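*Asks:* A predicted structure for the sequence below; I have some questions about it.
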Amino acid sequence: MKDINILAGATSSFGELWGVSPRKLVSDVTAEALKESGIKRHEIEAIFVGNMLSSSLGSQDHLGAFFSEELGLDVPAVKIEAACASGGMAVHTACLAVLSGQYETVLVVGVEKMTDHKPEEVASALMAAGTDGEREAGATFPTLYALIARAHMAKYATTELQMAAVSVKNHFHASLNSHAQFKNPITEEMVLKSPVVASPLKILDCSPITDGAASLILSRRKSGGKNIAITASEAATDSLGLAQRESLTSLKAAAEAAKKAYRSAGILPNDINVAEVHDCFSIAEIIAMEDLSFFTKGTAAKNIASGMTRLGGKGIIVNTSGGLKAAGHPVGATGVKQVVEILQQLKGISGAKQVSGAKIGLTHNVGGSGATAVVHILKK
Amino acid sequence: MISPVKIWRNQKKIREVLNQSGKIISFTRVFMPPAGFENQAPYAVVLVKLASGRNYIAQLVDFEEKHLKIGQKVITVLRRTRSPSEEGIIPYGVKFKPL
C-alpha cells in the first residue's frame, strides 16, 4: 500500500458527558485537528464518520450530512458502521478514498453518545451487532465474551486472576491519560471482588459505556513537521454469531487482518513497539495478543500478568491510552482514538505514558464478538 | 425491533431445532440483562454442540447448579423467550434443559 500521511489527530475527553452533544464533540475534535494540521477547513474534501448507535439510540439516520452541516463543509460525508469496529472501518474507508486519487485530504471522525440512555437500552442497542439467536437467548456482549473466556480458560488454563491483570495494567495506563474515563488505579483483588456481569466476567473486566469522539486528518500530502504515515490498513470479517465460528478461543477475522497488515507493511509482529488493541473485555486483550502473533497461542495471559506489556515492560507496550477498559469505549470513536494514540506515541508527545523510541505502532479494532476486525500499522 | 411478522416468519424455523441433544461447550450466568429480559436475570446462557455438529446458543432452564458445566448433556425445548412486545405477541423460542 502507498503510505497515507496523518496530518493531525485529536480526541475529546471520554466519559459520562451529559452536558455535551454529539455535534459539540465532533466540532471540538475537528477544530483541534485542523489547528494542529495547519490546513484550512475548506481543504477537507470528504468526511468519514465512524458511528454505530446514532440510529437506535439517537434517532439520527443521516449522520454524514448531520456533521457536514455542523462543520460548515458541504463536501461528501458518510457514516461508516461496523459495530464496535466502526471507527477503524471509517479510517480504512478514508484510506481507500485517498488511495483512489479522488481526494487529497479527508477528515475522519469517530463519535458515540451512549450515556444518555439506561444500561438495559444500551445493552440491547449494542446487541444489534449480534444474531437473532443471540438476542433470543438474552445474550449481551458481556455474555458472548464470557462464553469466549470460559472456553479459553478450559483450553489454556487461563485464570480469572490473569484476566484481572489486564484491567489493572490498563487502569494504570489510564491514570496517565488526562482524557481517560477512569484514571483510578485498581488492584487484582478489586477486579476479582467486583460484581459479576456475566460469569466469569466481573464489572472490572468490562469496558464501560462512554461518550466521546476522535478525529484524524489523512492526506496524500506530507505534514510539515514529523511525518507519521499509515503504512497498512486491512480488514477482515467472520461469521456474525459466535455459534457459527470455527474457534471460540481466537478471532479469525483479527488474525487474518493482522496477517494481511504485516505483509502490506513489510514488517514482522516483533517490529511493533506500541499497540492499541480492542480490550472490550479483559479476555479480549489476551486473545488479541495471540491473534496479532505477539505471543503464541495460550501464552499471552501469563506474559501480560508478568508486566511484559505494561509501560516500562520488555515487550510490546499495549494500550497506553488505558484501552477500552479504562480510557473508555465510545464504540464508533474507539477505532479512531486508537490511531490518534499511536500517532501521538510515534510523534513522541505522549508525556508520562510515552513509550521511548517508539517507531512502529499498530491498532486492532474489533466489531461484535469478532465478526469484523480492522488493523492499522503506523510508522515514523 | 420485534415485529409480529418477523416472529411469525422465524417460528417456522423453530421446529427444525426442537428435541435435539448436544453437549455444553461453554456457559455463563448473566446478571446484567438486556431490555426484555430484566425479569429473568440471573439466567444461564450456554453454547452447545448439537449431535448434528452444529453449535447453538440459548438459555439453559430447569437445571441445578451441577448441570452448569462443560460437557453436560442437554436437549432443546420450546419456551417463552422474553417479555412480550407492545403488539402483545408472545415470542417463543428454543432453550436447553439438562438430559
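*Replies:* Thanks, I have it.

*Asks:* Any buried residues in the strand ranked longest in chain B, and which?
*Replies:* The single longest strand within chain B, with elements called by DSSP state E, is strand B:21-30. For strand B:21-30, the neighbour count (16 or more other CB atoms under 10 Å in any protein chain shown) marks B:22, B:24-30 as buried. Where you see a C-beta, it was placed from the backbone N, CA and C, and this is true even at glycine.

*Asks:* Not counting sequence-adjacent ones, nearest residue to whichever residue of the stretch 251-380 of chain A sits closest to chain B?
*Replies:* The minimum distance from the stretch 251-380 of chain A to chain B, using CB to the nearest CB, falls at A:Ser369 (10.4 Å). Closest residue in space to A:Ser369, ignoring its immediate chain neighbours: A:Leu144 at 4.2 Å, by CB to CB, 6 or more residues apart in numbering or on different chains.

*Asks:* what's the pLDDT at that neighbour?
*Replies:* The confidence metric pLDDT takes the value 97 at A:Leu144.

*Asks:* Mind telling me what element it is part of?
*Replies:* helix A:141-156 (DSSP states H and E).

*Asks:* Can you name the residues in contact with that helix?
*Replies:* A:123, A:126-127, A:129-130, A:134, A:137, A:158-160, A:163, A:197-201, A:206, A:242, A:248-249, A:280-281, A:283-284, A:286-287, A:297-298, A:301, A:369, B:25-28, B:30, B:32, B:45, B:47, B:57, B:70 (CB atoms under 8 Å, 6 or more residues apart in numbering or on different chains).

*Asks:* taking these one by one, which sit in helices?
*Replies:* Mapping these onto helices (DSSP state H) picks out A:123, A:126, A:134, A:160, A:163, A:283-284, A:286-287, A:301.

*Asks:* which of the residues you listed are close to chain B?
*Replies:* Subset of the ones in helices among the contacts of helix A:141-156 in contact with chain B: A:123, A:134, counting by CB under 8 Å from any CB of the partner chain.

*Asks:* returning to what we had before: filter the buried residues of strand B:21-30 by proximity to chain A?
*Replies:* Of the buried residues of strand B:21-30, the ones that also sit near chain A (CB under 8 Å from any CB) are B:25-30.

*Asks:* Can you identify each of the strands in the stretch 251-380 of chain A by residue range?
*Replies:* Along the stretch 251-380 of chain A, the stretches classed as strands by DSSP state E, counting those that start in this stretch are A:274-276, A:317-318, A:360-367, A:372-379.

*Asks:* Please list the residues of the stretch 251-380 of chain A that sit near chain B.
*Replies:* Counting by CB under 8 Å from any CB, the stretch 251-380 of chain A has no residue next to chain B.

*Asks:* And the strands in chain B?
*Replies:* Assigned by DSSP E, the strands in chain B fall at B:21-30, B:43-50, B:55-60, B:73-80, B:92-98.

*Asks:* a markdown table for those, including mean pLDDT and distance to A:Leu192?
*Replies:* Supplementary listing: the strands of chain B in a markdown table, determined by pLDDT from 0 to 100; distance: least, CB to CB, whole Å:
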| stretch | mean pLDDT | distance to A:Leu192 |
| --- | --- | --- |
| strand B:21-30 | 98 | 16 |
| strand B:43-50 | 98 | 21 |
| strand B:55-60 | 97 | 25 |
| strand B:73-80 | 96 | 29 |
| strand B:92-98 | 95 | 29 |
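
*Asks:* Mind putting the ones you listed into a markdown table with distance to B:Lys12?
*Replies:* As requested, the strands of chain B are exported to a markdown table (distance: least, CB to CB, whole Å):
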| stretch | distance to B:Lys12 |
| --- | --- |
| strand B:21-30 | 22 |
| strand B:43-50 | 19 |
| strand B:55-60 | 17 |
| strand B:73-80 | 13 |
| strand B:92-98 | 12 |
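
*Asks:* Help me confirm that A:Phe281 comes into contact with A:Pro208.
*Replies:* No - under the criterion of CB atoms under 8 Å, A:Phe281 is not in contact with A:Pro208, lying 11.4 Å apart.

*Asks:* Which residue of the two possesses the greater neighbour count?
*Replies:* Higher neighbour count among A:Phe281 and A:Pro208: A:Phe281, with 27 against 19, using other CB atoms under 10 Å in any protein chain shown.

*Asks:* chain center to stretch A:142-154, what's the gap?
*Replies:* 20 Å (CA atoms, centre = their mean, to the nearest Å).

*Asks:* wait, stretch A:307-324
*Replies:* 15 Å.

*Asks:* ditto for stretch A:107-126
*Replies:* 15 Å.

*Asks:* just stretch A:333-340 next, same as before
*Replies:* 5 Å.

*Asks:* same question, stretch A:372-380
*Replies:* 10 Å.

*Asks:* Quick check: mean pLDDT of that stretch?
*Replies:* 97.

*Asks:* Throw the ones next to chain A among the buried residues of strand B:21-30 into JSON lines and include distance to A:Ala8, thanks.
*Replies:* JSON lines is the format used below for these (distance: CB to CB, whole Å):
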{"residue": "B:Ile25", "distance to A:Ala8": "47"}
{"residue": "B:Ser26", "distance to A:Ala8": "44"}
{"residue": "B:Phe27", "distance to A:Ala8": "47"}
{"residue": "B:Thr28", "distance to A:Ala8": "42"}
{"residue": "B:Arg29", "distance to A:Ala8": "46"}
{"residue": "B:Val30", "distance to A:Ala8": "42"}
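
*Asks:* coming back round to it: orientation of the helix holding A:Leu144 relative to strand B:43-50 in degrees?
*Replies:* Helix A:141-156 runs at 50 degrees relative to strand B:43-50, counting by axes from the mean of the first three to the mean of the last three CA atoms, to 10 degrees.

*Asks:* Just the closest residue of chain B to chain A, please.
*Replies:* B:Thr28 (3.6 Å).

*Asks:* Pull up the gap between the nearest residue to that residue once chain neighbours are set aside and B:Arg29, please.
*Replies:* What sits nearest to B:Thr28 in space, not counting adjacent residues and going by CB to CB, 6+ apart, is A:Ala146, at 3.6 Å. According to CB to CB, to the nearest Å, A:Ala146 and B:Arg29 sit 8 Å apart.
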